[in-house]
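J.: A structural model of the following input is requested.
(one chain, ligands or ions: 2)
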Amino acid sequence: MTEPLTTEPTATTEPRLRAAVLGSGAWGTTFAMVLADAGCDVTIWGRSQQVCDQIMSEHRNSRNLPGIRLPESIRATTDAAAALDGAELVVIAIPSQSARETLTALRADVPDGAVVVSLMKGVELETDRRMSEVVAEALGIDDARVVVVSGPNLAREIAERQPTATVVAGTDAAATSLVARACSTPYFRPYTNADVVGVELCGAVKNVIAVAVGIAQGCGYGLNTTATVITRGLVEITRLGLALGANVETFPGLAGMGDLMATCASPLSRNHTLGKHIGAGLTLDEAITATGGTAEGVKSSRSVLELARAHGVEMPITAAVAGVLHEGLPVEEMASSLLARPKRAEGL
Ligand SMILES: NC(=O)C1=CN([C@@H]2O[C@H](COP(=O)(O)OP(=O)(O)OC[C@H]3O[C@@H](n4cnc5c(N)ncnc54)[C@H](O)[C@@H]3O)[C@@H](O)[C@H]2O)C=CC1
Ligand SMILES: O=C(CO)COP(=O)(O)O
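T.: Numbers count the residues shown, from 1 in each chain. Ligands and ions are numbered 1, 2, ... in the order given. Reported below is the predicted structural model:
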(Lines give C-alpha, C1' and ligand atoms only; values in the text may rest on other atoms or scores of the structure.)
(Ligands and ions follow the chains in the order given, each with its own letter.)
Protein backbone atom coordinates (compact mmCIF):
# COMPACT_ATOMS: atom_id res chain seq x y z
CA MET A 1 0.00 0.00 0.00
CA THR A 2 1.25 3.51 -0.78
CA GLU A 3 2.38 5.44 2.29
CA PRO A 4 0.49 8.73 2.82
CA LEU A 5 2.57 11.85 2.25
CA THR A 6 2.68 13.13 5.79
CA THR A 7 6.31 14.15 6.30
CA GLU A 8 7.51 17.73 5.80
CA PRO A 9 9.70 17.92 2.67
CA THR A 10 13.39 18.77 3.11
CA ALA A 11 14.33 22.39 2.41
CA THR A 12 15.95 23.23 -0.93
CA THR A 13 19.30 25.02 -1.26
CA GLU A 14 17.88 27.66 -3.67
CA PRO A 15 17.38 31.20 -2.29
CA ARG A 16 14.06 31.32 -0.47
CA LEU A 17 11.32 33.18 -2.31
CA ARG A 18 9.59 35.67 -0.01
CA ALA A 19 5.81 35.27 -0.06
CA ALA A 20 3.00 37.20 1.62
CA VAL A 21 -0.37 35.45 1.91
CA LEU A 22 -3.30 37.84 2.41
CA GLY A 23 -6.02 36.00 4.30
CA SER A 24 -5.72 33.63 7.26
CA GLY A 25 -8.79 31.51 6.46
CA ALA A 26 -8.81 27.84 5.52
CA TRP A 27 -7.27 28.16 2.07
CA GLY A 28 -4.89 31.05 2.80
CA THR A 29 -3.40 29.16 5.74
CA THR A 30 -3.23 25.89 3.79
CA PHE A 31 -1.61 27.51 0.77
CA ALA A 32 0.90 29.20 3.11
CA MET A 33 1.76 25.71 4.30
CA VAL A 34 2.19 24.48 0.70
CA LEU A 35 4.50 27.41 -0.07
CA ALA A 36 6.51 26.84 3.11
CA ASP A 37 6.82 23.12 2.34
CA ALA A 38 8.04 24.10 -1.14
CA GLY A 39 10.81 26.18 0.44
CA CYS A 40 9.33 29.71 0.46
CA ASP A 41 9.69 32.19 3.28
CA VAL A 42 6.03 32.88 4.13
CA THR A 43 4.20 35.54 6.14
CA ILE A 44 0.41 35.46 6.47
CA TRP A 45 -1.61 38.67 6.87
CA GLY A 46 -4.80 38.10 8.81
CA ARG A 47 -7.43 40.35 10.35
CA SER A 48 -7.71 38.31 13.54
CA GLN A 49 -5.03 38.98 16.16
CA GLN A 50 -6.01 35.75 17.86
CA VAL A 51 -5.47 33.66 14.72
CA CYS A 52 -2.13 35.36 13.97
CA ASP A 53 -0.95 34.90 17.56
CA GLN A 54 -1.84 31.21 17.48
CA ILE A 55 -0.03 30.67 14.18
CA MET A 56 3.06 32.38 15.63
CA SER A 57 3.11 30.72 19.04
CA GLU A 58 1.51 27.29 18.50
CA HIS A 59 1.89 26.82 14.72
CA ARG A 60 -1.81 26.12 14.41
CA ASN A 61 -4.94 27.82 13.11
CA SER A 62 -7.57 25.98 15.10
CA ARG A 63 -10.39 28.27 13.91
CA ASN A 64 -9.97 27.26 10.26
CA LEU A 65 -7.88 24.07 10.32
CA PRO A 66 -8.45 22.30 13.64
CA GLY A 67 -5.91 19.59 14.39
CA ILE A 68 -3.42 20.67 11.73
CA ARG A 69 0.16 21.51 12.69
CA LEU A 70 1.70 24.19 10.47
CA PRO A 71 5.37 24.51 9.54
CA GLU A 72 7.21 26.51 12.23
CA SER A 73 8.73 28.81 9.62
CA ILE A 74 5.34 30.43 8.79
CA ARG A 75 4.89 33.86 10.35
CA ALA A 76 1.57 35.71 10.75
CA THR A 77 0.74 39.33 11.44
CA THR A 78 -2.21 41.73 11.39
CA ASP A 79 0.17 44.38 9.96
CA ALA A 80 -0.31 44.18 6.18
CA ALA A 81 2.62 46.48 5.37
CA ALA A 82 4.96 44.27 7.42
CA ALA A 83 3.67 41.11 5.71
CA LEU A 84 4.09 42.66 2.26
CA ASP A 85 7.51 44.18 2.90
CA GLY A 86 9.95 42.64 0.39
CA ALA A 87 7.42 40.09 -0.90
CA GLU A 88 8.21 38.67 -4.34
CA LEU A 89 4.96 36.71 -4.34
CA VAL A 90 1.69 38.18 -3.03
CA VAL A 91 -1.05 35.56 -2.63
CA ILE A 92 -4.66 36.65 -2.15
CA ALA A 93 -7.04 34.36 -0.26
CA ILE A 94 -9.94 36.48 0.98
CA PRO A 95 -13.60 36.32 -0.07
CA SER A 96 -14.07 37.52 -3.66
CA GLN A 97 -16.55 40.25 -2.80
CA SER A 98 -14.04 41.83 -0.34
CA ALA A 99 -11.11 41.75 -2.73
CA ARG A 100 -11.46 45.13 -4.43
CA GLU A 101 -11.87 47.18 -1.26
CA THR A 102 -9.17 45.31 0.65
CA LEU A 103 -6.59 45.42 -2.15
CA THR A 104 -7.24 49.06 -2.99
CA ALA A 105 -6.34 49.91 0.60
CA LEU A 106 -3.14 47.83 0.39
CA ARG A 107 -2.08 49.05 -3.07
CA ALA A 108 0.85 51.19 -1.88
CA ASP A 109 2.28 48.31 0.18
CA VAL A 110 2.51 45.75 -2.64
CA PRO A 111 6.14 45.76 -3.83
CA ASP A 112 6.80 46.78 -7.44
CA GLY A 113 7.47 43.72 -9.55
CA ALA A 114 5.89 41.21 -7.17
CA VAL A 115 3.93 38.44 -8.85
CA VAL A 116 0.36 38.46 -7.49
CA VAL A 117 -1.52 35.18 -7.11
CA SER A 118 -5.30 34.94 -6.86
CA LEU A 119 -6.66 31.90 -5.02
CA MET A 120 -10.20 33.31 -5.07
CA LYS A 121 -13.08 31.53 -6.81
CA GLY A 122 -15.76 34.08 -7.53
CA VAL A 123 -17.09 36.77 -9.86
CA GLU A 124 -17.52 40.29 -8.51
CA LEU A 125 -21.08 41.52 -8.04
CA GLU A 126 -22.04 44.68 -9.96
CA THR A 127 -18.97 44.65 -12.24
CA ASP A 128 -19.16 40.92 -13.16
CA ARG A 129 -15.35 40.92 -13.26
CA ARG A 130 -13.23 37.82 -12.77
CA MET A 131 -10.93 37.95 -9.75
CA SER A 132 -7.69 38.44 -11.71
CA GLU A 133 -9.33 41.48 -13.33
CA VAL A 134 -10.37 42.84 -9.93
CA VAL A 135 -6.86 42.26 -8.54
CA ALA A 136 -5.14 44.01 -11.46
CA GLU A 137 -7.55 46.96 -11.29
CA ALA A 138 -7.42 47.35 -7.51
CA LEU A 139 -3.62 47.16 -7.37
CA GLY A 140 -3.12 49.18 -10.57
CA ILE A 141 -0.90 46.50 -12.12
CA ASP A 142 -0.68 44.79 -15.50
CA ASP A 143 -2.86 41.68 -15.96
CA ALA A 144 0.28 39.71 -16.82
CA ARG A 145 1.51 40.06 -13.24
CA VAL A 146 -1.56 38.24 -11.92
CA VAL A 147 -1.50 34.45 -11.80
CA VAL A 148 -4.45 32.26 -10.82
CA VAL A 149 -4.36 28.97 -8.89
CA SER A 150 -7.48 26.80 -9.14
CA GLY A 151 -8.26 23.09 -9.07
CA PRO A 152 -9.68 20.27 -6.92
CA ASN A 153 -8.16 21.79 -3.81
CA LEU A 154 -10.28 21.25 -0.71
CA ALA A 155 -8.16 23.00 1.91
CA ARG A 156 -8.54 20.44 4.67
CA GLU A 157 -7.27 17.54 2.55
CA ILE A 158 -4.25 19.52 1.38
CA ALA A 159 -3.52 20.64 4.95
CA GLU A 160 -3.31 16.91 5.73
CA ARG A 161 -0.80 16.68 2.88
CA GLN A 162 -3.01 14.35 0.86
CA PRO A 163 -1.85 14.19 -2.79
CA THR A 164 -3.55 16.47 -5.29
CA ALA A 165 -2.89 18.54 -8.39
CA THR A 166 -3.84 22.06 -9.35
CA VAL A 167 -3.75 24.48 -12.27
CA VAL A 168 -1.53 27.58 -12.26
CA ALA A 169 -2.83 29.91 -14.96
CA GLY A 170 -1.26 33.09 -16.27
CA THR A 171 -0.59 34.98 -19.47
CA ASP A 172 3.07 35.60 -18.63
CA ALA A 173 5.00 32.33 -18.91
CA ALA A 174 7.79 33.42 -16.53
CA ALA A 175 5.38 34.55 -13.79
CA THR A 176 3.30 31.40 -14.23
CA SER A 177 6.26 29.06 -13.93
CA LEU A 178 7.60 31.02 -10.93
CA VAL A 179 4.31 30.38 -9.12
CA ALA A 180 4.25 26.72 -10.20
CA ARG A 181 7.76 26.22 -8.80
CA ALA A 182 6.90 28.11 -5.62
CA CYS A 183 3.97 25.79 -4.78
CA SER A 184 5.35 22.47 -5.96
CA THR A 185 5.67 19.89 -3.17
CA PRO A 186 5.65 16.07 -2.99
CA TYR A 187 1.88 16.21 -2.29
CA PHE A 188 0.84 19.24 -4.43
CA ARG A 189 1.48 19.12 -8.19
CA PRO A 190 0.83 22.24 -10.27
CA TYR A 191 0.10 22.11 -14.01
CA THR A 192 0.48 25.38 -15.91
CA ASN A 193 -2.16 26.75 -18.29
CA ALA A 194 -2.27 30.00 -20.29
CA ASP A 195 -6.10 30.08 -20.21
CA VAL A 196 -6.79 32.45 -17.31
CA VAL A 197 -10.37 33.13 -18.42
CA GLY A 198 -11.30 29.45 -18.55
CA VAL A 199 -9.58 28.49 -15.30
CA GLU A 200 -11.17 31.36 -13.37
CA LEU A 201 -14.65 30.74 -14.73
CA CYS A 202 -14.36 27.06 -13.85
CA GLY A 203 -13.48 27.95 -10.25
CA ALA A 204 -16.28 30.47 -9.84
CA VAL A 205 -19.10 28.57 -11.54
CA LYS A 206 -18.36 25.17 -10.01
CA ASN A 207 -19.30 26.72 -6.66
CA VAL A 208 -22.76 27.52 -8.02
CA ILE A 209 -23.11 24.00 -9.44
CA ALA A 210 -22.01 22.57 -6.06
CA VAL A 211 -24.81 24.54 -4.40
CA ALA A 212 -27.24 22.97 -6.90
CA VAL A 213 -25.94 19.46 -6.15
CA GLY A 214 -26.21 20.18 -2.43
CA ILE A 215 -29.80 21.35 -2.85
CA ALA A 216 -30.64 18.16 -4.77
CA GLN A 217 -29.10 16.00 -2.05
CA GLY A 218 -30.80 18.05 0.68
CA CYS A 219 -34.11 17.35 -1.09
CA GLY A 220 -33.30 13.65 -0.80
CA TYR A 221 -32.42 12.96 -4.45
CA GLY A 222 -29.77 10.35 -5.27
CA LEU A 223 -26.82 9.94 -7.59
CA ASN A 224 -28.71 10.14 -10.89
CA THR A 225 -29.68 13.71 -10.01
CA THR A 226 -26.16 14.51 -8.80
CA ALA A 227 -24.59 13.16 -12.00
CA THR A 228 -27.10 15.05 -14.14
CA VAL A 229 -26.39 18.36 -12.39
CA ILE A 230 -22.61 17.90 -12.53
CA THR A 231 -22.61 16.90 -16.20
CA ARG A 232 -25.00 19.60 -17.36
CA GLY A 233 -23.23 22.03 -15.01
CA LEU A 234 -20.00 21.42 -16.88
CA VAL A 235 -21.85 22.17 -20.11
CA GLU A 236 -22.97 25.53 -18.67
CA ILE A 237 -19.47 26.39 -17.53
CA THR A 238 -18.05 25.46 -20.92
CA ARG A 239 -20.67 27.49 -22.79
CA LEU A 240 -19.94 30.61 -20.74
CA GLY A 241 -16.20 30.08 -21.03
CA LEU A 242 -16.26 29.69 -24.81
CA ALA A 243 -18.40 32.83 -25.15
CA LEU A 244 -15.74 34.71 -23.17
CA GLY A 245 -12.81 33.38 -25.22
CA ALA A 246 -11.63 30.45 -23.08
CA ASN A 247 -9.90 27.35 -24.42
CA VAL A 248 -12.22 24.32 -24.73
CA GLU A 249 -9.49 22.03 -23.35
CA THR A 250 -9.61 23.71 -19.94
CA PHE A 251 -13.10 22.45 -19.04
CA PRO A 252 -12.51 18.68 -18.87
CA GLY A 253 -9.26 19.41 -16.97
CA LEU A 254 -8.42 19.78 -13.27
CA ALA A 255 -9.85 23.29 -12.89
CA GLY A 256 -13.08 22.23 -14.61
CA MET A 257 -14.26 18.65 -14.23
CA GLY A 258 -11.66 17.99 -11.52
CA ASP A 259 -12.84 20.76 -9.22
CA LEU A 260 -16.51 20.06 -9.96
CA MET A 261 -16.04 16.46 -8.85
CA ALA A 262 -14.24 17.43 -5.64
CA THR A 263 -16.59 20.24 -4.67
CA CYS A 264 -19.84 18.50 -5.61
CA ALA A 265 -18.86 15.24 -3.91
CA SER A 266 -17.29 16.40 -0.68
CA PRO A 267 -18.97 17.24 2.62
CA LEU A 268 -15.92 19.46 3.20
CA SER A 269 -17.18 21.87 0.52
CA ARG A 270 -18.93 24.91 1.99
CA ASN A 271 -20.94 25.42 -1.23
CA HIS A 272 -22.16 21.82 -1.27
CA THR A 273 -22.96 22.00 2.45
CA LEU A 274 -24.85 25.27 2.09
CA GLY A 275 -26.90 23.80 -0.75
CA LYS A 276 -27.78 20.77 1.38
CA HIS A 277 -29.06 23.03 4.14
CA ILE A 278 -31.20 24.93 1.62
CA GLY A 279 -32.54 21.67 0.19
CA ALA A 280 -33.40 20.52 3.70
CA GLY A 281 -35.50 23.66 4.22
CA LEU A 282 -33.25 26.22 5.92
CA THR A 283 -33.48 29.87 4.88
CA LEU A 284 -30.44 31.40 3.19
CA ASP A 285 -29.37 33.21 6.37
CA GLU A 286 -29.76 30.05 8.42
CA ALA A 287 -27.81 28.05 5.84
CA ILE A 288 -24.96 30.60 5.77
CA THR A 289 -24.68 30.47 9.56
CA ALA A 290 -24.90 26.67 9.69
CA THR A 291 -22.23 26.33 6.98
CA GLY A 292 -19.58 28.72 8.33
CA GLY A 293 -16.68 29.86 6.12
CA THR A 294 -17.00 31.45 2.71
CA ALA A 295 -19.53 29.86 0.31
CA GLU A 296 -18.73 31.93 -2.78
CA GLY A 297 -21.54 30.39 -4.86
CA VAL A 298 -24.18 32.36 -2.93
CA LYS A 299 -23.13 35.68 -4.43
CA SER A 300 -21.51 34.33 -7.58
CA SER A 301 -24.81 32.75 -8.64
CA ARG A 302 -26.01 36.30 -9.30
CA SER A 303 -22.85 37.73 -10.88
CA VAL A 304 -22.31 34.65 -13.07
CA LEU A 305 -25.90 34.84 -14.25
CA GLU A 306 -25.49 38.53 -15.10
CA LEU A 307 -22.30 37.74 -17.01
CA ALA A 308 -24.08 34.95 -18.89
CA ARG A 309 -27.04 37.17 -19.78
CA ALA A 310 -24.72 39.95 -20.96
CA HIS A 311 -23.15 37.45 -23.37
CA GLY A 312 -26.37 35.73 -24.41
CA VAL A 313 -25.39 32.44 -22.75
CA GLU A 314 -28.03 30.10 -21.36
CA MET A 315 -27.22 28.82 -17.84
CA PRO A 316 -30.37 27.18 -16.49
CA ILE A 317 -28.83 25.52 -13.41
CA THR A 318 -27.14 28.77 -12.37
CA ALA A 319 -30.42 30.62 -12.95
CA ALA A 320 -32.28 28.08 -10.81
CA VAL A 321 -29.73 28.42 -7.98
CA ALA A 322 -29.99 32.23 -8.12
CA GLY A 323 -33.77 31.82 -8.21
CA VAL A 324 -33.85 29.69 -5.06
CA LEU A 325 -31.23 31.69 -3.13
CA HIS A 326 -32.25 35.22 -4.10
CA GLU A 327 -35.58 35.35 -5.93
CA GLY A 328 -37.95 33.25 -3.86
CA LEU A 329 -38.15 30.21 -6.18
CA PRO A 330 -39.43 27.42 -3.88
CA VAL A 331 -36.73 24.78 -3.52
CA GLU A 332 -39.21 21.99 -4.30
CA GLU A 333 -39.91 23.61 -7.69
CA MET A 334 -36.25 23.80 -8.73
CA ALA A 335 -36.01 20.32 -10.28
CA SER A 336 -39.38 20.49 -12.03
CA SER A 337 -38.62 23.91 -13.50
CA LEU A 338 -35.32 22.61 -14.91
CA LEU A 339 -36.81 19.40 -16.31
CA ALA A 340 -39.80 21.15 -17.90
CA ARG A 341 -37.65 23.26 -20.21
CA PRO A 342 -38.03 22.66 -23.99
CA LYS A 343 -36.35 19.43 -25.10
CA ARG A 344 -33.08 19.76 -27.00
CA ALA A 345 -30.16 17.75 -28.33
CA GLU A 346 -27.36 16.93 -25.89
CA GLY A 347 -24.11 18.90 -26.12
CA LEU A 348 -23.18 22.53 -25.86
N1 LIG B 1 -11.31 26.49 1.48
C2 LIG B 1 -11.01 25.88 0.34
O3 LIG B 1 -10.95 24.64 0.30
C4 LIG B 1 -10.71 26.66 -0.90
C5 LIG B 1 -11.06 28.00 -1.02
N6 LIG B 1 -10.81 28.68 -2.18
C7 LIG B 1 -11.17 30.08 -2.33
O8 LIG B 1 -10.30 30.87 -1.53
C9 LIG B 1 -10.98 32.05 -1.10
C10 LIG B 1 -10.84 32.15 0.41
O11 LIG B 1 -11.46 31.01 0.96
P12 LIG B 1 -11.16 30.44 2.41
O13 LIG B 1 -9.82 30.79 2.90
O14 LIG B 1 -11.49 29.00 2.36
O15 LIG B 1 -12.29 31.22 3.22
P16 LIG B 1 -12.49 31.33 4.78
O17 LIG B 1 -13.91 31.69 4.99
O18 LIG B 1 -11.94 30.12 5.46
O19 LIG B 1 -11.55 32.55 5.18
C20 LIG B 1 -11.67 33.81 4.64
C21 LIG B 1 -10.70 34.70 5.35
O22 LIG B 1 -10.78 36.00 4.80
C23 LIG B 1 -10.89 36.92 5.85
N24 LIG B 1 -11.61 38.09 5.36
C25 LIG B 1 -12.92 38.23 5.14
N26 LIG B 1 -13.19 39.46 4.68
C27 LIG B 1 -11.99 40.09 4.62
C28 LIG B 1 -11.61 41.39 4.27
N29 LIG B 1 -12.49 42.29 3.89
N30 LIG B 1 -10.32 41.70 4.33
C31 LIG B 1 -9.42 40.80 4.74
N32 LIG B 1 -9.71 39.54 5.11
C33 LIG B 1 -11.00 39.21 5.05
C34 LIG B 1 -11.61 36.22 6.96
O35 LIG B 1 -11.32 36.82 8.21
C36 LIG B 1 -10.99 34.82 6.84
O37 LIG B 1 -9.77 34.74 7.54
C38 LIG B 1 -12.43 31.92 -1.60
O39 LIG B 1 -12.56 32.64 -2.79
C40 LIG B 1 -12.57 30.42 -1.86
O41 LIG B 1 -13.54 30.15 -2.88
C42 LIG B 1 -10.19 28.08 -3.24
C43 LIG B 1 -9.78 26.77 -3.15
C44 LIG B 1 -10.02 25.97 -1.98
O1 LIG C 1 -12.77 25.37 -4.05
C2 LIG C 1 -12.81 24.43 -3.29
C3 LIG C 1 -12.26 23.10 -3.63
O4 LIG C 1 -11.51 23.14 -4.78
C5 LIG C 1 -13.45 24.58 -1.97
O6 LIG C 1 -14.81 24.51 -2.11
P7 LIG C 1 -15.77 25.25 -1.08
O8 LIG C 1 -15.44 26.71 -1.17
O9 LIG C 1 -17.13 24.90 -1.51
O10 LIG C 1 -15.43 24.71 0.29
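J.: any figure for the gap between the residue nearest in space to the middle of the chain and ligand 1?
T.: With distances taken as Cα atoms, centre = their mean, the chain has K121 as the residue nearest its mean C-alpha position (3.6 Å). With distances taken as Cβ to the nearest ligand atom, to the nearest Å, K121 is found 4 Å from ligand 1. In short, each C-beta sits where N, CA and C put it, glycine included.
J.: thought A144 was touching A175, still the case?
T.: Yes. Here A175 lies in contact with A144, judged by Cβ atoms under 8 Å, at a distance of 6.7 Å.
J.: so these two - more neighbours on which side?
T.: Neighbours per residue (other Cβ atoms under 10 Å) separate A175 from A144, with A175 holding more: 20 against 16.
J.: and the closest residue in space to the more buried one that isn't next to it in sequence, how many neighbours?
T.: Distances taken as Cβ to Cβ, 6 or more residues apart in numbering put V115 closest to A175, at 4.7 Å, once the chain neighbours are dropped. Counted with other Cβ under 10 Å, residues neighbouring V115 total 24.
J.: swap in Q162?
T.: Counted with other Cβ under 10 Å, Q162 comes out at 14.
J.: could you pull up phi and psi at it?
T.: Backbone torsions of Q162, given as degrees, to the nearest 10, read phi -80, psi 140.
J.: please report the distance of it from ligand 2.
T.: 13 Å.
J.: same question for G220.
T.: G220 is 21 Å from ligand 2, where distance means Cβ to the nearest ligand atom.
J.: which residues touch that residue?
T.: G220 makes contacts with G279, as judged by Cβ atoms under 8 Å, 6 or more residues apart in numbering.
J.: double-check that it belongs to a strand.
T.: No. In this structure, G220 is coil, not part of a strand, as judged by DSSP: H, G, I helix; E, B strand; the rest coil.
J.: follow-up on the earlier one: run a quick neighbour tally on the nearest residue to the residue nearest to the centre of the chain once chain neighbours are set aside.
T.: Residue nearest to K121 in three dimensions, not counting chain neighbours: G203, with 3.7 Å by Cβ to Cβ, 6+ apart. Number of residues near G203 (other Cβ under 10 Å) recorded here: 32.
J.: does I44 belong to a helix, a strand or coil?
T.: Per three-state DSSP, I44 ends up strand.
J.: any weak-confidence spans in the stretch 1-150 of the chain?
T.: Within the stretch 1-150 of the chain, the segments meeting pLDDT under 70 span 1-14.
J.: over to whichever residue of it sits closest to ligand 1: give its phi and psi.
T.: In the stretch 1-150 of the chain, the residue that lies nearest ligand 1 is G25 (1.8 Å; Cβ to the nearest ligand atom). Main-chain dihedrals, G25, degrees, to the nearest 10: phi -80, psi -160.
J.: which residues touch the closest residue to it other than its chain neighbours?
T.: Closest residue in space to G25, ignoring its immediate chain neighbours: N64 at 5.3 Å, by Cβ to Cβ, 6+ apart. The neighbours of N64, taking Cβ under 8 Å, 6+ apart as the test, are S24, G25, A26, T29, V51, A155, G293.
J.: hmm, try it at 7 Å
T.: Residues counted as contacts of N64 (Cβ atoms under 7 Å, 6 or more residues apart in numbering) are G25, A26, T29.
J.: confirm it sits in a helix?
T.: No. Applying three-state DSSP, one finds N64 to be coil, outside a helix.
J.: now do whichever strand or helix holds the residue nearest to K121: which elements does it pack against?
T.: If you go by DSSP states H and E, G203 is part of helix 196-218. Where contact means 3 or more Cβ pairs under 7 Å, 6 or more residues apart in numbering; DSSP states H and E, helix 196-218 is packed against helix 131-139, strand 146-150, strand 164-169, helix 223-243, helix 259-265, helix 270-279, helix 297-310, helix 316-326.
J.: so the residue in the stretch 201-348 of the chain positioned nearest to ligand 1, which state does it fall into?
T.: Closest residue of the stretch 201-348 of the chain to ligand 1, Cβ to the nearest ligand atom: T294 (3.5 Å). Assigned with three-state DSSP, T294 falls in the coil class.
J.: before we move on, back to that, possible to save the contacts of N64 as JSON lines with neighbour count?
T.: Output for the contacts of N64, formatted as JSON lines (neighbours: other Cβ atoms under 10 Å):
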{"residue": "G25", "neighbour count": "23"}
{"residue": "A26", "neighbour count": "24"}
{"residue": "T29", "neighbour count": "27"}
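J.: just the residues you listed now: which is nearest G258?
T.: A26 (19.0 Å; Cβ to Cβ).
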